[in-house]
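here you go, sequence then predicted model.
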Amino acid sequence: MTEPQLAHFKRHRFPAEIIAHAVWLYYRFPLSLRDVEDLLAERGIKVSFQTVSEWAAKFGLKIADKLRRRSRGHFSDKWHLDEMVVTIKGKKYWLWRAVDANGYVLDALLQSRRNKAAALRLMRKLLKDQGIAPCVMVTDKLRSYSAAKSELMPGVEHRWHKGLNNRAENSHLAVRRRERRMMRFKSARQCQRFVSTHGQIANLFLLHRKHLTATDHRQLRNHAISIWREVIGSIAA
């Protein structure tokens with residue numbers, strides 16, 4: 001009896017299932033590259049952490065792009081925008097992020113400025129990717145948001161108060177945990193690539209556990225896993 005033929009990504013020795021599992025481990029959990037290497041080794045898969053890094057960079061973006069297209073138009077019409085400081089090689093950057101009312105990440109954009117131009121860039125990207133303007137936008141008291149919104153979305157209700165934006169501020173915590181685990185981001189390019197990928201994969205597996213029975217939770221998790229496998233199958237050769 002012959003074994004079933006496993007799907008492969010083009011020009012890759014390992015089956016797509018193994019590569020996808022490594023990428024899933026890295027982005028789904030706060031693990032280092034060496035942690036993923038050890039977890040794979042325990043299952044008899046000998047792969048270096050450098051290879052895991054290459055897989056995460058190459059296939060993570062492809063997977064995130066597929067997930068982004070699938071989720072377009074399914075987010076809440078209430079956007080929370082916020083920015084956090086990221087230090088890379090001694091230089092200060094600002095990671096601008098947007099989440100919806102349910103905590104799903106809409107986008108993340110690393111920029112070297114914290115001004116109106118930077119806010120405009122984020123909002124233009126959000127409008128292009130989402131295809132629709134929100135009904136409500138919630139921010140902190142940074143005036144750059146108000147100036148950019150007045151230019152791009154004058155009809156959108158703007159609520160700006162630090163206490164109202166906990167949804168966005170709490171969303172930063174996952175990035176902070178990963179930043180510490182990675183011992184800081186090594187470059188602006190690496191940071192942008194990571195947050196762009198991490199946000200979309202985190203969205204897929206964001207299961208709101210409050211008021212869910214164990215059965216409901218398993219069903220939602222199984223649905224997320226089935227979507228993950230479908231996406232992997234669509235990019236495998």
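Good, I have the coordinates.

just the strands in the chain please.
78-88, 91-100, 105-111, 136-139, 157-160 (DSSP state E).

now for the protein, the helix or strand with the poorest mean pLDDT.
Least confident helix or strand, the chain: helix 166-181 with a mean of 78, by mean pLDDT, DSSP states H and E.

pick out the residue nearest the middle of the protein.
Most central in the chain under Cα atoms, centre = their mean is G199, positioned 1.0 Å from the mean C-alpha point.

from L39, how far out is it?
Distance check for G199 against L39: by Cβ to Cβ, to the nearest Å, it reads 23 Å. From N, CA and C alone the C-beta is placed, and that goes for glycine too.

check V86 too.
27 Å.

so for L212, which of the strands of the chain sits nearest?
L212 sits nearest to strand 91-100 of all those, at 19.3 Å, using Cβ to Cβ.

need the helices for this structure, in chain order.
16-28, 33-42, 49-71, 116-130, 143-152, 166-181, 188-204, 214-235 (DSSP state H).

now the angle from the fifth one to strand 91-100?
Put simply, helix 143-152 runs at 60 degrees to strand 91-100, going by axes from the mean of the first three to the mean of the last three Cα atoms, to 10 degrees.

list the helices and strands helix 143-152 packs on?
helix 116-130, strand 136-139, strand 157-160 (3 or more Cβ pairs under 8 Å, 6 or more residues apart in numbering; DSSP states H and E).
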